[in-house]
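**Student:** Using only what follows, build the 3D model:
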Amino acid sequence: MSASLVGSEMCIRDSSIVPILAGGRKLGIISPDPKQTEQNYERWQKVSDNIVVAALNPYDKSNAPDKAAQYLKENGAEVVVLDCMGFTIAIKEKMAELMGVPVILPRTLVARVVGEML
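**Tutor:** Reported below is the predicted structural model:
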């Protein structure tokens, strides 16, 4: 089990968890680095063909999520996935406030799934 939990964002992307939670709604993927946007778009297309990808560095405290949220909102995202273990609950809450849609945080999602096994 520990090998599958390394990179929990990959774990949720490569399983059926996100498509089930999204329920056919358009996915907004937040990539931690603008250089990874295209790569993440290609990876997430395997999950859904209805996605939009924006970038937000979770480690840069001066980098407010407003711009990424606005981009996703303008492009019709209905569920947001913060695709990096570095994203925090505070960022999740801010994105939910800005977007008004469900936001999936991989590290808390994986923790809840593992908790079910205990």
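**Student:** Put the alpha carbons of whatever helix or strand residue 29 lives in into CSV.
**Tutor:** Using DSSP states H and E, residue 29 sits in strand 27-31. Provided in CSV are the C-alpha atoms of strand 27-31 (Å, rounded to 0.1, in the frame of the first residue of the first chain):
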residue,chain,number,x,y,z
LEU,A,27,-12.7,19.5,-13.9
GLY,A,28,-10.4,22.4,-13.0
ILE,A,29,-6.9,21.1,-12.3
ILE,A,30,-4.5,23.3,-10.4
SER,A,31,-0.9,22.5,-11.3
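**Student:** Would you indicate which residues of that strand are buried?
**Tutor:** 27-31 (16 or more other C-beta atoms under 10 Å). C-beta coordinates here come from the backbone N, C-alpha and C atoms, glycine included.
**Student:** Spatially central residue in the chain, please.
**Tutor:** Centroid check for the chain by C-alpha atoms, centre = their mean gives residue 81 as the closest residue, at 1.8 Å.
**Student:** Could you grab the helix/strand/coil label for that one?
**Tutor:** strand (DSSP: H, G, I helix; E, B strand; the rest coil).
**Student:** Do a quick rundown of the helices in the protein.
**Tutor:** 2-5, 8-13, 17-22, 37-44, 66-74, 89-99, 106-117 (DSSP state H).
**Student:** So which residue of this structure lies furthest out from the middle?
**Tutor:** Distance to centre of the chain, C-alpha atoms, centre = their mean, peaks at residue 118 (25.3 Å).
**Student:** The buried residues of strand 27-31 into TSV, with extra columns for distance to residue 41 and pLDDT?
**Tutor:** Output for the buried residues of strand 27-31, formatted as TSV (distance: C-beta to C-beta, whole Å; pLDDT from 0 to 100):
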residue	distance to residue 41	pLDDT
27	11	90
28	12	94
29	7	93
30	12	94
31	8	92
